[in-house]
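**Student:** Here is a sequence with its predicted model. Questions after.
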Amino acid sequence: MTPARGSLALIARAAGGRVLAAALALCVATAARAQSSVLVPEPQSEAAEVAKLMRSGQEAKALERAETVIRAQPRNLQVRFMRAVMLGDLDRRDEAIAEYEKLTQEYPELPEPYNNLAVLLAAQGKLTQAEALLQHALVAQPDYATAYENLGDVHLARAVDAYERAARHDAGNAALKAKLDATRALLAKLRPSR
């Protein structure tokens with residue numbers, strides 16, 4: 001999944017790149033809307049500063065800058081979202097989850113916080129909650145490919161769980177074992193590619 005994942009641990013790490021891309025896209029879109037026709041260069045936005053630090057691998061400085069901005073501008077959506085991404089990437093998942101939950105409550109029309117929260121919860125094995133959050137993301141944006149992809153990962157993880165339960169009750173079933181092995185192999189193959 002894209003953001004944070006466990007048997008979906010694969011889900012969590014893969015998400016990092018896509019989450020960063022989503023955060024940067026959100027910044028670029030906002031900056032593009034804010035551009036004026038005046039030829040005077042605009043000062044770099046706080047979100048752009050944080051994004052630049054993130055891109056350059058200076059996570060600690062980016063997080064510090066984000067927190068400074070948020071203290072001054074608690075409603076700065078872009079920086080709050082990027083901060084949540086960084087917290088997840090730094091394995092401060094409880095803090096990331098709390099921020100994504102706040103973002104889904106304050107901005108229910110945005111799909112990205114639902115998606116990223118779903119990835120973190122899926123990594124904890126909370127597949128039912130993750131699926132519900134991904135459905136919210138798809139209601140907010142019906143063409144959100146990343147949410148569909150993550151929903152597929154959740155379904156795949158649920159399939160592994162179901163096949164494992166079935167195998168405990170019918171250990172001699174060769175067809176079931178083949179399905180379980182194939183599903184596990186597919187899930188394992190997806191993890192490194194993200």
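**Tutor:** Thanks, I have the structure now. Numbers count the residues shown, from 1 in each chain.
**Student:** name the element E109 belongs to?
**Tutor:** Using DSSP states H and E, E109 falls within no helix or strand.
**Student:** in the chain, which ranges drop under the pLDDT threshold?
**Tutor:** By pLDDT under 70, the weakly predicted segments of the chain are 1-44, 191-194.
**Student:** So which residues of it form helices?
**Tutor:** Ranges of helices in the chain, per DSSP state H, are 9-34, 46-55, 59-72, 77-89, 93-106, 111-123, 127-140, 145-169, 174-190.
**Student:** What is the neighbour count of A140?
**Tutor:** When neighbours are counted by other Cβ atoms under 10 Å, A140 registers 19. For every residue, glycine as well, the C-beta is placed using N, CA and C.
**Student:** oh, I was asking about S45
**Tutor:** By other Cβ under 10 Å, 17 other residues sit near S45.
**Student:** Pull out the buried residues from stretch 53-62.
**Tutor:** By neighbour count with 16 or more other Cβ atoms under 10 Å, stretch 53-62 contains the buried residues L53, M54, A62.
**Student:** What of stretch 160-175?
**Tutor:** So for stretch 160-175, counting by 16+ other Cβ under 10 Å, buried means V160, Y163.
**Student:** Send me it as PDB with only the CA atoms.
**Tutor:** Only the C-alpha atoms of stretch 160-175 are listed here, as PDB (Å, rounded to 0.1, in the frame of the first residue of the first chain):
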ATOM      1  CA  VAL A 160      -4.000 -14.400   2.600                       C
ATOM      2  CA  ASP A 161      -5.700 -14.200   6.000                       C
ATOM      3  CA  ALA A 162      -8.800 -16.200   4.700                       C
ATOM      4  CA  TYR A 163      -6.600 -18.800   3.000                       C
ATOM      5  CA  GLU A 164      -4.500 -19.200   6.200                       C
ATOM      6  CA  ARG A 165      -7.700 -19.800   8.300                       C
ATOM      7  CA  ALA A 166      -9.000 -22.300   5.800                       C
ATOM      8  CA  ALA A 167      -5.700 -24.100   5.700                       C
ATOM      9  CA  ARG A 168      -5.800 -24.500   9.500                       C
ATOM     10  CA  HIS A 169      -9.100 -26.400   9.100                       C
ATOM     11  CA  ASP A 170      -8.200 -28.300   6.000                       C
ATOM     12  CA  ALA A 171      -4.400 -28.800   6.000                       C
ATOM     13  CA  GLY A 172      -4.500 -31.500   3.400                       C
ATOM     14  CA  ASN A 173      -6.200 -29.500   0.700                       C
ATOM     15  CA  ALA A 174      -3.600 -29.100  -2.100                       C
ATOM     16  CA  ALA A 175      -5.700 -26.600  -4.200                       C
END
